Structure formats: C-alpha cells, structure tokens
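1. Pasting the sequence and the predicted model now:
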Amino acid sequence: MSRSETLEPVGGPLWTRPMQVLTALFLAGIAVTLYRFVMGIGAIANLNDGYAWGAWKPISVIVFTSMASGGYATALLLYVFNRRKYAAVSRTAILTSALGYTTGVIVLGIDIGRPWNFWRIVNPGWWNFHSVLLEVAVCISTYIIFLWLEMAHPLLEGAGQSGQWSFRELARRLTPALDSAYPFIVAMAIVLPTMHQSSLGSLFLLAGVRVHPFWQTPLVPLLFLFSCYVMGYAFVVLTSLLSSLAWRRPLEMEALTSLSRVMSSIVAAFVLVRLGDLAWRGQLTRLSVDGWSLLFYAELLLLAVPAVLSFGLDRHASPQKLFLLAASTLLGGSLYRLDTSLVAFMPGAQWRYFPSVLEMLVTIGFAALAVMGYIAIVKRFPILPGVRHAGAHA
Amino acid sequence: MVRISRRTAIKSALFGGAVAVGATTASATESVEPPADARGLLYDATLCIGCKACVTACKDANGLPADTAGPHGLWDRPDDLNAKTKNIIKLYRSGDTTSFVKRQCMHCVDPACVGACMMGALKKREYGIVSWDGSKCVGCRYCQIACPYNIPKFEWEMAGFYNPKIVKCELCRHRLAEGRDPACTEVCPRHAVIYGTREELLKEAHRRIAANPTLYQPNVYGEHDGGGTQVLYLSHVPFDKLGLPALGGESAAATTRKVQGTIYKGFVAPVALYGVLATIVSRNQRRAGEEGERS
C-alpha cells in the first residue's frame, strides 16, 4: 500500500448528466423487476421451456462476471507474480469486480423462480455436491464478500480522509487488522473465481448433445478460465482508459501496455487450446461457411487479430490502439461465452428465443447501477491515480 | 490433505475442511446402475393408435388443467408437453410411414436434471422415480437446460399468488402409494404402454423384438441410451424420428462428474491452491513492505 498516497478521489459533483441517465435506466430496471415479482417471469421475459436461460444468466452473470474478472486477473499479476507496476490499476480492477459481481448476483436473484427457497443454501447438509450450479452459486456469493473486503481498504482510507472524526477513528482502528489479513483475503479472492469462472463453463457439460459440438467440450472449464482472464484484462484496460479520459487523469500507459501484452499471451493459449480441442474431437474438418462456423470464425478473429497486434506493442503504443485491441478482445470473449451458454444451445427446432425489451431493461438497469457505483466511488474514494502522478515510478 | 506451512494451514482448513468432508462422500464417478426397485413404462409404438386416452387420464390423475390454447379455446389441445401437460401423444409422418409416440419423463437411470439440481429438489426417490420436492426448489431451471428430452416444464405464466412449479411426470407416484398403476397404463385400450419393473419390461421388450424382428427396430430405446432410462421404447421407425435423441451410452451427468471430479477430487486442489497462494502473497507483501520502508 506504499503507493496509495498517489491515489486520490476524483472529486466533483455526483449528480451529473451521465448519472441522471444511468439513474433513469436503473429505475426502469427496478420497475420491471417489481412487475416481474408480482406477475411472474413469463409476463416480462421471452424465456420458455426450451430456452429456460436467456439474457439474465448468460449475459448478466456468465458474460458480465467475466468482464468483472479484472480484480482476480490483476491480483494474479500483482500479488502472485509480484509485478508491482499493476498497483496503478489494481483498485480500478477490484472496484469493477465488486460492482459487476454484486449486480450480477442481484440479477440472478431476479432470474430464479422460487427465490424464497434460496436461504437453504446456507446449510451444506442440503447441498447436492454434484451440482455445478451449486458450486457456482456458493463460490460467487462468498466471493462477493471477499471482493468488498478487498475494497474495504480504499473505502476506509477515503473515510479516514473525510472530515468526520468517527470515520477517521473507524479507519484508524480497522486498517491495521485489514492489512495483516490482506494476503489471506487476496488468496481467497483468487481461489474462489478460479473455481467458479471455470465451473460456469462446466455448467454446460450437463447439457450434453444440446450444445453444438463446436462449443461442447470437456475442456470447457479451461476455456472459460482463459476467457475470464482475457476479458478481465481487456475490461481493466477499457475502464482505465475511459476513466482517464473522462476525468482528465494521466494515462497509465505502462501498466496498460503490459496488461495488453499479458492479455494477448493468454488469448494465444486460448486459441491454441480451442483449435487443438476441435481438431482432437474431429470438428475442425466440419468448419465450413454455415452459421455455426461463421460464429466460430467471428470469435476467433475478434480475439486473435488484436492478440497478434498486441504482441508488437511497445512503450510508444497509442491509447487509441490499446482501446481498440481491448474492445475487440472483450467482444470476442463475450461472444465465446454467449455462444456456449445460449446461442449454441439447441433445445429443438420448435423453440425460439430472443430477449424481450423488458428482460433487457433488467440486465441494462443493473449494469447501469454498477456504472453509477463506479462513478460515485471513484469520485469520493482514492481509486484512481492522482494528477500528480510523476512520482509513481519511484 | 496436502502439507501446508504454518498458519496458512489453519486458514485453509477453515475454508476447505467442512466442504471436503461432504465432497469425498460424493466422489463416485463411475457409471450408475439402475436402482434395485426400478419401475417404469414400456411403450410400443407399433400398438399405439393415438387415441390420447392416456393424455386425458394423466390430466385427471394429476389434477392438471386443460390447455385450451388451440382455436376456439374449447378443447384440451396441448401442442407439446408444458406446465399443464405431463404426458402427450405426438405423430410422426413421412410418406406412407406413420407412427405415434408417447412422451413423458424418461426417469433416467442417471438423470441430468438430478445432477443439475442445487439442493436435491429433483431426486430419484422410491422405485427410481425422478420426483420433485417443491420445498427444496429455488426455480433456477438448470434441470430444463440439462434434460436431453426437454421434459421438466416451468410455470412461466403464473400470475397472482406467485408460486411457479416445475411440472413433470412422476410416474403417478401418488397412485403407486395407493397400490394403483400409473393412470396412462390403466386406460390404454391397446396396452401400448405397460407398467412394471425395469427388468420385467426389458425382458418383455426383447421377447417382442425376437418374436417379430422384421417389424421392430432391433434395439430397445432406453436400455443403454444416455446411461439408460426406466421408460423404454419399442418402435417400427428409427427412434430419432420419434424425437428420441441419439445420446451414446454415457450419461451427461457421468461426463460432468468425470470432469469436475478430476478437478475437485477430495477438494484437495482448491485447498492446496489456497495454501500456496496465501504463502506467496504474504511473502510478496512482506518484501514490498520492506522495500517501501527503505525507499
């Protein structure tokens, strides 16, 4: 935490125009949610007995928590591989993770049809240890606690800087305990997502022949793990660049360029495993120009092209270039996850699904809540590097 | 347990200990045999005349409402299995070849829905019947994603007092408890669907094939398909034409247990990973702190 003096709140008013737009989206999402709890899921969603999972699980949980894996993916570099330069983006990463996971789990609570029975999950005696979804649910819920424990330090620090004596006192008392526990919190905040991000892929093993063979593979846990790293890094790069742009902060080019290079190495591994897996299962020769093949090519191009370009990145890379590479990677990773969990799911020809506007309003509304949380916390707490940033290389 | 240094061991134990106990008791990954008391149905498509008496009897026996979605809204006329219909007769036609097919829960030997279910709402209970316990169901609908036959249905349209249920054939277990057979088998005028132990039914199915090998497909669907089912099918047309998918011999539940079981065997890997990580992160933090003080 020796660097935290260079991190400071952005400051400025909270109730800005973007916040008003986000609030409107969030309120719309809340209104739909209330309607859903009175009238039932069928009243607002296009979900059906063929496509029982749609926008909420595949997008809000499977894709969004993968974007929110920046905290996990960055912690690996910063704390395990001891690359201290990533401290510059570490808090941004953890904050996006905490917000992305928290809102994802809220949407999960809206998606489940009999939420009043969910409390039973607190008793391991009632668990079905073979259920991959149970593992995912337990891990994600626990992980959220650890994400906010990771966030406690900057939040306390911000509280300590505030004028109120009680907050200062709270920060003074809790911070040392938190610091000594920090390695154990971090280790937990790495183990838990390693488990559930891979298991989010394993969920679809059980669907067997109902998932198209381009996406149905015993290696799906590994591919999901890789995809959460690349999407996590890509999302940190995008968030950091956009934050610097929005609040006129110095660009963290050194950390972001390195991050992009790490990202491209993992994309390379992902692509190799993906192609090797298809070859091994005899699917490579089935690639042609049909819809399934085109989806596969789209994933591959969105990921591989920026990866190849990122290998050549040097210190003089432009922020625009980093942005485009990360955006393409994020799209490619998202498409892979959406394909596995929804598009390549084949319940039968008589079933159709495309999310309804109201369904998407829930997904968008809670994503808006996450963005609002990010803006508000960044403005009031020391998350982003301060303007006097020149000392960061010391 | 893997040996882990110092206090990390304590922390690791806190995390993994309780879970590991449960995980090891459920680590069997080998293929599952049918339960000793397995009961089921044998449906013979060559005998069925498509009268749908079984559809009506099923609705009566299970207190299911009519599905009047068709034109005029006068008759019970479900398109497919749904939250109001646990049993249905469908028609396959191609040129001169026709066949009826009765669809309902297959009561798999190793069901994907049971593997999916988070807290055991769906479970193989008495007679190997896959039954639903609403007090344990959170409505996640993973069973619907998992089932290769697309059987479990959800009450999407429930309005008012909102208590949506998972609806599927439970082999009339309430009637079995009273010593009566499943309603569909009782009313069938051609005995196209019969009830019995899985063993008896398999024997009968093979007897019919042997007696009339030119009429029947050579195999009994459900004997081995997808790890086997307790509802068995005989047919004169290929089974995939009747909507019964080619699943191979291994159940998807077994495949999943193999993959997840390899990763999580005895919960050793996550606990060991935690121990290693906690050690490395502590050391790195300490070094970073020392460097920070020097600079």
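-> Structure received.
2. distance of the nearest residue to B:R77 once chain neighbours are set aside from B:P78?
-> Closest residue to B:R77 apart from its sequence neighbours, by C-beta to C-beta, 6 or more residues apart in numbering or on different chains: B:G70 at 3.7 Å. Using the backbone N, CA and C atoms, a C-beta is placed for each residue, glycine as well. Per C-beta to C-beta, to the nearest Å, B:G70 is found 9 Å from B:P78.
3. what do you get for A:L25?
-> A:L25 is 39 Å from B:P78, where distance means C-beta to C-beta.
4. For chain B, what's the nearest residue on the stretch 1-150 of chain A?
-> With C-beta to the nearest C-beta, the shortest gap between the stretch 1-150 of chain A and chain B falls at A:G113, namely 2.5 Å.
5. How many residues are close by that residue?
-> 24 (other C-beta atoms under 10 Å in any protein chain shown).
6. pretty sure it is in a strand, no?
-> No. Counting by DSSP: H, G, I helix; E, B strand; the rest coil, A:G113 is not found in a strand; it is coil.
7. Let me know the pLDDT of it.
-> Looking at A:G113, its pLDDT is 93.
8. show me the contacts for the closest residue to it other than its chain neighbours.
-> When the adjacent residues along the chain are set aside, A:G113 lies closest to B:G139, with 2.5 Å between them (C-beta to C-beta, 6+ apart). By C-beta atoms under 8 Å, 6 or more residues apart in numbering or on different chains, the residues touching B:G139 are A:I112, A:G113, A:R114, A:P115, A:N117, B:F154, B:P164, B:I166.
9. Equivalent analysis for A:R352, please.
-> A:G50, A:Y51 are the contacts of A:R352 under C-beta under 8 Å, 6+ apart.
10. Okay, helices next: where are they in the chain?
-> In the absence of a named chain, this looks at chain A. Using DSSP state H, the helices assigned to chain A run over residues A:17-39, A:64-67, A:70-75, A:87-111, A:132-161, A:165-202, A:220-246, A:253-280, A:291-311, A:319-338, A:357-380.
11. Chain B was what I was after
-> Under DSSP H, chain B gives helices at B:6-25, B:53-62, B:112-116, B:142-146, B:173-176, B:183-187, B:198-211, B:252-264, B:268-294.
12. What residues of the shortest one count as buried?
-> Under the neighbour-count criterion of 16 or more other C-beta atoms under 10 Å in any protein chain shown, helix B:173-176 has B:R175, B:L176 buried.
13. mind saving the C-alpha coords of that helix as CSV?
-> C-alpha atoms of helix B:173-176 as CSV (Å, rounded to 0.1, in the frame of the first residue of the first chain):
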residue,chain,number,x,y,z
ARG,B,173,-46.3,-41.9,-7.5
HIS,B,174,-49.3,-40.9,-5.5
ARG,B,175,-51.3,-43.7,-7.2
LEU,B,176,-48.5,-46.2,-6.7
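14. in the chain, which segments are predicted with low confidence?
-> No chain in the question, so chain A it is. By pLDDT under 70, the low-scoring segments of chain A are A:1-5, A:163, A:388-394.
15. To clarify, I was referring to chain B.
-> B:1-30, B:159-161, B:292-295.
16. go with 90
-> The model of chain B has pLDDT under 90 over residues B:1-31, B:68-77, B:79, B:157-163, B:265-266, B:285-295.
17. in it, what residue is nearest chain A?
-> For chain B, C-beta to the nearest C-beta, closest residue to chain A: B:G139, 2.5 Å.
18. residues contacting A:A45?
-> Neighbours of A:A45 in contact, by C-beta under 8 Å, 6+ apart: A:R36, A:G54, A:A55, A:W56, A:P355, A:S356, A:L358, A:E359, B:W156.
19. same deal with A:V362?
-> Here A:V362 is in contact with A:G29, A:V32, A:T33, A:R36, A:I44, A:A55, A:W56, A:S60, A:V107, A:I110 (C-beta under 8 Å, 6+ apart).
20. next one: A:Q216
-> Applying C-beta under 8 Å, 6+ apart, the residues near A:Q216 are A:F204, A:L205, A:A207, A:G208, A:V209, A:A344.
21. Can I get the buried part of these as one PyMOL selection?
-> Of those, the buried ones go into a single PyMOL selection, burial set by 16+ other C-beta under 10 Å:
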select buried, chain A and resi 204+205+207+208+344
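22. near chain B, from the contacts of A:Q216?
-> Counting by C-beta under 8 Å from any C-beta of the partner chain, A:F204, A:L205, A:A207, A:G208, A:V209 from the contacts of A:Q216 sit close to chain B.
23. these two touch, right, the second one and B:A254?
-> No. With contacts counted by C-beta atoms under 8 Å, A:L205 stays clear of B:A254, the gap being 10.2 Å.
24. how near is B:Q217 to A:L384?
-> For B:Q217 relative to A:L384 (C-beta to C-beta), the value is 68 Å.
25. Have a look at these two and say which one is more surrounded.
-> For B:Q217 against A:L384, the residue with the higher neighbour count under other C-beta under 10 Å is A:L384, and the figures read 27 against 18.
26. Got the phi and psi for the more buried one?
-> phi -90, psi 150 (degrees, to the nearest 10).
27. Now A:K379. Nearest residue, chain neighbours left out?
-> Using C-beta to C-beta, 6+ apart and skipping residues adjacent in sequence, the residue nearest A:K379 is A:V10, 4.8 Å away.
28. Quick one: residues contacting that neighbour.
-> A:V10 makes contact with A:W247, A:R249, A:V378, A:K379, A:L384, according to C-beta under 8 Å, 6+ apart.
29. how about a cut-off of 6 Å?
-> Shown in contact with A:V10 (C-beta atoms under 6 Å, 6 or more residues apart in numbering or on different chains): A:W247, A:V378, A:K379.
30. One more: A:L322?
-> Contacts of A:L322 (C-beta under 6 Å, 6+ apart): A:V237, A:L256, A:S260.
31. Save those as a markdown table, and put in distance to A:I144 and neighbour count too.
-> Converted to a markdown table, these look like this (distance: C-beta to C-beta, whole Å; neighbours: other C-beta atoms under 10 Å in any protein chain shown):
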| residue | distance to A:I144 | neighbour count |
| --- | --- | --- |
| A:V237 | 24 | 27 |
| A:L256 | 27 | 26 |
| A:S260 | 28 | 25 |
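32. restrict those residues to those near chain B?
-> Among the contacts of A:L322, none lies close to chain B by the criterion of C-beta under 6 Å from any C-beta of the partner chain.
33. ok, of those, which one's closest to chain B?
-> A:L256 (21.1 Å).
34. Find the nearest non-adjacent residue to the closest one, please.
-> Of all residues beyond its chain neighbours, the one nearest A:L256 is A:V237 (5.2 Å), with distances taken as C-beta to C-beta, 6+ apart.
35. now swap in A:R83 and tell me
-> Nearest to A:R83 is A:L77, by C-beta to C-beta, 6+ apart, at 4.8 Å.
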